[in-house]
Structure formats: C-alpha cells, structure tokens
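Engineer: Have a look; sequence and predicted model below, questions after that.
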Amino acid sequence: MAKLSKKQKANAINPEQLHRVDEAIALAKANASSKFDETIEVALNLGVDPRHADQMVRGVVNLPKGTGKTVRVGVFARGAKADEARAAGADVVGAEDLMQTIQDGTIEFDRCIATPDMMGIVGRLGKVLGPKGLMPNPKLGTVTMNVTQAVTDAKSGQVEYRVEKAGIIHSGIGKASFPAEDLRANFDALLDAVVRAKPSGAKGRYLRKVALSSTMGPGIKVDTSEMAGA
C-alpha cells in the first residue's frame, strides 16, 4: 500500500469526526497549503432564527492576538475630530467629500466610523454601505465621539460578527502562520463574546455546531461538549 504524502495525510480528514479545539486548530493549520497565508476561519451554528429581532446575534470582539490583516479605516468627521482620526491612523477621513467619493463608487476602507453629528450624511449612504456591512452603528462602537479609541480598536484586531440567515456566524481568527496558541486565544475570545451575546429569544441549545477551516481547506468539526454555552 502506497504511503501518504504529508499533504495527503493532512487532507485525510473524516468530515464527521469531532475534534478537540487544539487538535482542530492544528489540522486547520496543516491543511493551509496555499502559496498565500490562509485565514483560519470559524463557523458557529447557533440555535437562533435571526428573522426574529429577539434572536439576532451581533457584536464586536477584540481578538487579543490580532487578525493578521491590514484593516483600512474610514472616518466621517469634521474639524478637530477629523484631525484626531488622522492622528489615530485612519486611512480615509472626510464629510460631504467622502460621501461624494462613495456615491461615485469608490470605497477605500474595510471599517467605517462616524461621529454622531455626521449620521445625517452617512444615512444617505445606507443603500451603499448597508449591504456591505459598513454602516456605522452606535451599538458596535462605530458611531462615537471617541474617534481615537474606535480607530485604534479597528486597527488592532477588533472584528465584527453577525449571524446570517441560516443561523451561522463566520469569522476569521487569524492567519495560518500564527502560532497555535495565538489562534486558540482568538478562538476563545470570539466564542466567549458570542456566548455572552446569547439573545433573549434563543430557545433550546444555543451553540449547536462549531467548525474550523483554513481558507482553502476542508471543514473540521469541533467537539462542543466542554464549551460554555453549549
């Protein structure tokens, strides 16, 4: 019988087998064999129906080891707050001029922050920013007077999570090049945030299934029996 290569061994994953978190992370890293640094992604299947307002799960979490991505931040602000945003490292700052740029079809940021007085302008961009998940929201800390903190958080590893129609949250927890312990720290931070965000309308088992994968790799099922909130 021919021996399996290292890559074949890594890819020989039983799709139904449950793995402990650390083992799943190791397998996901082993399956990241592309020429680029793949993202390690988590899929959380929750016992919610997001069509009901009292079962929506959405929030932000600061990943302690960062995301490994360069996040471009856009800020709607004027005057001193605009200067504050630039000093904090915002990539794009403006008011009506930024609105016009976006209306013309150019969006040069991955996160959008606005001071409260700018929401009249930002509101006109709802049909553009909304579908892309870029609309500033006070509940997520992206409508705020504390521009420095918001920009810093966005740049240093803060990610937004939101349950999709099928009751699943998808989120990256770092790059395949990260040490396993860093990916575990980020995984724990995300899971803790999602569990704490359990909505009042959720019935029965909340955390139903968890899977890990690299960008191009297969899904690896995680045993949820020892997880809080399972």
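Structural biologist: Looks like it came in fine.
Engineer: Just the helices from the chain, written as ranges.
Structural biologist: 6-11, 21-30, 79-88, 96-103, 119-122, 126-129, 147-156, 180-196 (DSSP state H).
Engineer: Worst mean pLDDT among those helices?
Structural biologist: With a mean of 48, helix 6-11 has the lowest mean pLDDT of the helices of the chain.
Engineer: before we move on, the earlier item: between the helices of the chain, which one is nearest to Val222?
Structural biologist: helix 21-30 (4.9 Å; C-beta to C-beta). In short, each C-beta sits where N, CA and C put it, glycine included.
Engineer: May I see the buried residues of stretch 164-171?
Structural biologist: Neighbour counts using 16 or more other C-beta atoms under 10 Å place 167-169, 171 of stretch 164-171 among the buried residues.
Engineer: wait, what's in contact with the residue nearest to Asp223 when sequence neighbours are not counted?
Structural biologist: Spatial nearest neighbour of Asp223, excluding adjacent residues (C-beta to C-beta, 6 or more residues apart in numbering): Leu18 at 4.1 Å. Shown in contact with Leu18 (C-beta atoms under 8 Å, 6 or more residues apart in numbering): 221-223.
Engineer: again, but for Val122
Structural biologist: By C-beta under 8 Å, 6+ apart, the residues touching Val122 are 76, 99, 112, 114, 129, 135-136.
Engineer: same thing but at 10 Å, please
Structural biologist: By C-beta atoms under 10 Å, 6 or more residues apart in numbering, the residues touching Val122 are 76, 95, 98-99, 102, 112-115, 129, 134-136, 143.
Engineer: picking up where we left off before, just the buried ones from the contacts of Leu18, in ChimeraX syntax?
Structural biologist: Buried subset of the contacts of Leu18, written as a ChimeraX selection, criterion 16+ other C-beta under 10 Å:
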select :221,222
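Engineer: Need the nearest residue in space to Lys209, chain neighbours excluded.
Structural biologist: Using C-beta to C-beta, 6+ apart, the nearest residue to Lys209 is Asn45, at 3.8 Å.
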